[in-house]
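# Have a look at this fold, sequence not included:
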Ligand code: SF4
């Protein structure tokens, strides 16, 4: 977190879950009417303290702090153009802070610096930037990552303003949802209210919010593009059930994001819904573990089977996705060990076949199980009796969208050029 107390900016950050980093004593030291906070799961090469956010720069007075959700695709080119040596930047977020800092050091205001730097960024970014007496919230022109605006108090008598990635953060604070920040828009919160500037024109006729926000990332009580995520997930399950029929005794979901889809599957198929796995509530999402071996071990620490519910039963197991397959394979083995007679896997996203360059840790296509295998080969690797993925058409129908989302990892249709290196650009031209 970073706070501004009227004189200076204080930054407290560390690796780990929020409640292990911020205890009461730490929170007591964070004072002021302006604050930003950020959590980011470790992506490749950045699982260390220095990559934790917010990023702070001293430029200007009292400097600024920045939180960034997403990944840029042209960091090499940006760094080279700014004369920053390869390896000097800790992350793409650090690079954005440095580019802004250079402009501020040269005499620009932070707003001017944002106006000049942001058009040069390619890829995904939802940013919050804290400076003296102001917070800026910015979404990239495609709107890959969500960002919304909320208000404390009433419309007639606002008592404060909030920018958040997801709407439940507003609910927790007692703030009401005002609207989503638009692709390319910058909203600025000050003591006198909110101002808006369309910093960049929207890059596409429709926004390209990450479709995996609906499938997996977002909390089920989030509202995105006007849709409640839980309802969309339930409809994914209904659609999956309509795609194929398999005889089974119980439909169960993989906690947490597979549960609403399992409910929908059970309702549409008429097969009983039940719980077959209990989640250890003290463990975070598996993707916090940054390598393959750690992910497999993490499954057993995170999920435990409810043996009496699944022993001797033919299970339909609904999960949100298969990326590398390590987690799913361990999960199926665990269910069989616990006595499941059959395991039929149903996945509420199409095969994950292409790397994501916009903030998900899948940099290498070779790591994606479905990229180089047929459906039967994936099924055999996972060790389930049958496997079915939702189709992209049914996924879109469940979310009630046409092509308003990025689905590049499922279709290969990237809304932007893919990561640009200096060599690929012909020496940084
Ligand atoms: S490529 Fe996939 S995971 Fe990445 S932003 Fe697009 S839909 Fe989301």
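Received it, and whenever you're ready, just let me know what you need. It should be emphasised that the depicted structure is a prediction, and the values quoted were computed from it without experimental measurement.
# hmm, who's touching stretch 396-404?
Stretch 396-404 is contacted by residues 206-209, 211, 214, 225, 227, 232-233, 235-236, 238-239, 390, 405, 407 when judged by Cβ atoms under 8 Å, 6 or more residues apart in numbering. Placement of C-beta: from N, CA and C, glycine included.
# now swap in stretch 84-96 and tell me
So stretch 84-96 is in contact with 46, 50-51, 53, 55, 66-68, 71-72, 75-76, 78-80, 98, 117, 121, 123, 125, 127, going by Cβ under 8 Å, 6+ apart.
# Around the ligand, pick out the residues from the stretch 201-350 of the chain.
Residues of the stretch 201-350 of the chain found near the ligand (Cβ under 6 Å from any ligand atom) are 210-212.
# Take these and keep only those in strands.
If you go by DSSP state E, those have residue 210 in strands.
# can you pick the most crowded of the residues of the stretch 201-350 of the chain next to the ligand?
residue 210 (27 neighbours; other Cβ atoms under 10 Å).
# hang on, the earlier thing: could you list which of the contacts of stretch 396-404 belong to helices?
211, 232-233, 235-236, 238-239 (DSSP state H).
# ok, the residues you listed vs residue 271, which is closest?
Comparing those against residue 271 with Cβ to Cβ picks out residue 238 as the nearest, at 12.6 Å.
# Show me which of the contacts of stretch 84-96 are buried.
Taking 16 or more other Cβ atoms under 10 Å as the criterion, what is buried in those is 46, 51, 53, 55, 66-68, 71-72, 75-76, 78-80, 98, 117, 121, 123, 125, 127.
# show me where pLDDT drops low in the stretch 151-300 of the chain?
By pLDDT under 70, the low-scoring segments of the stretch 151-300 of the chain are 282-296.
# May I have the secondary structure class of the closest residue to the ligand within the stretch 1-150 of the chain?
Here the residue of the stretch 1-150 of the chain nearest the ligand is residue 144; by Cβ to the nearest ligand atom that distance is 5.2 Å. Under the three-state scheme (DSSP: H, G, I helix; E, B strand; the rest coil), residue 144 adopts coil.
# and residue 300, how many neighbours does it have?
Residues near residue 300, counting by other Cβ under 10 Å, number 13.
# residues in contact with it?
330, 334.
# got the residue ranges for the strands in the stretch 51-200 of the chain?
Using DSSP state E, counting those that start in this stretch, the strands of the stretch 51-200 of the chain run over 55-57, 64-69, 126-131, 134-139, 148-153, 158-164, 176-180, 185-190, 193-198.
# Sorry, slip of the keys, the one I care about is the stretch 201-350 of the chain.
Remark: strands assigned in the stretch 201-350 of the chain by DSSP E, counting those that start in this stretch are 209-210, 223-224, 227-228, 250-253, 277-279, 303-305, 314-319, 342-347.
# I'd assumed residue 343 was in contact with residue 246.
No: the pair residue 246 / residue 343 is not scored as a contact, 10.9 Å apart, by Cβ atoms under 8 Å.
# and the two? which has more neighbours close in?
Each of residue 246 and residue 343 has its neighbours counted (other Cβ under 10 Å); residue 343 has more, 25 against 15.
# Could you give the number of residues near the residue nearest to that one when sequence neighbours are not counted?
Nearest residue to residue 343 in three dimensions, chain neighbours excluded: residue 384, at 4.7 Å (Cβ to Cβ, 6 or more residues apart in numbering). Applying other Cβ under 10 Å, we find 23 residues neighbouring residue 384.
# Kindly provide the distance from residue 384 to the ligand.
Applying Cβ to the nearest ligand atom, to the nearest Å, the value for residue 384 to the ligand is 24 Å.
# go on, residue 332?
24 Å.
# Please apply the same query to residue 229.
Distance, residue 229 to the ligand, using Cβ to the nearest ligand atom: 14 Å.
# Ok, residue 155 next?
Using Cβ to the nearest ligand atom, residue 155 is found at 33 Å from the ligand.
# Got phi/psi on the spatially most distant residue from the centre of the chain?
For the chain, the residue at maximal distance from the C-alpha centroid (Cα atoms, centre = their mean) is residue 312, at 37.0 Å. Per-residue torsions, residue 312: phi 70, psi 0 (degrees, to the nearest 10).
# I'd say it and residue 341 touch.
Yes: between residue 312 and residue 341 there is a contact at 5.4 Å, judged by Cβ under 8 Å.
# show me what contacts the residue nearest to the spatial centre of the chain?
Centrality entry for the chain: nearest residue to the mean C-alpha point is residue 217, 5.0 Å, by Cα atoms, centre = their mean. Residue 217 sits next to residue 210 when contact means Cβ under 8 Å, 6+ apart.
# one more time with 10 Å
The contact partners of residue 217, by Cβ atoms under 10 Å, 6 or more residues apart in numbering, come to 145-146, 165-166, 210-211, 224, 229, 257, 285, 287, 320, 359-360.
# Of all pairs in these, which one is the farthest apart?
Greatest spatial distance in the contacts of residue 217: 224 and 287, 19.6 Å, computed using Cβ to Cβ.
# still on that earlier bit, can you tell me which of the contacts of stretch 84-96 are in helices?
75-76, 78-80, 98, 117.
# Dihedrals phi and psi, the spatially closest residue to residue 216 that is not a sequence neighbour?
Excluding the flanking residues, the one nearest residue 216 by Cβ to Cβ, 6+ apart is residue 320, at 4.5 Å. The phi/psi pair for residue 320 (degrees, to the nearest 10) reads phi -80, psi -30.
# Pop the domain breakdown of this structure in here.
2-207, 228-407 (automatic domain parsing).
# Quick one: end-to-end length of the longest one, please.
For domain 2-207, the separation between the terminal residues is 30 Å (Cα to Cα, to the nearest Å).
# Could you do the shortest one as well?
The straight-line separation of the ends of domain 228-407 (Cα to Cα) is 19 Å.
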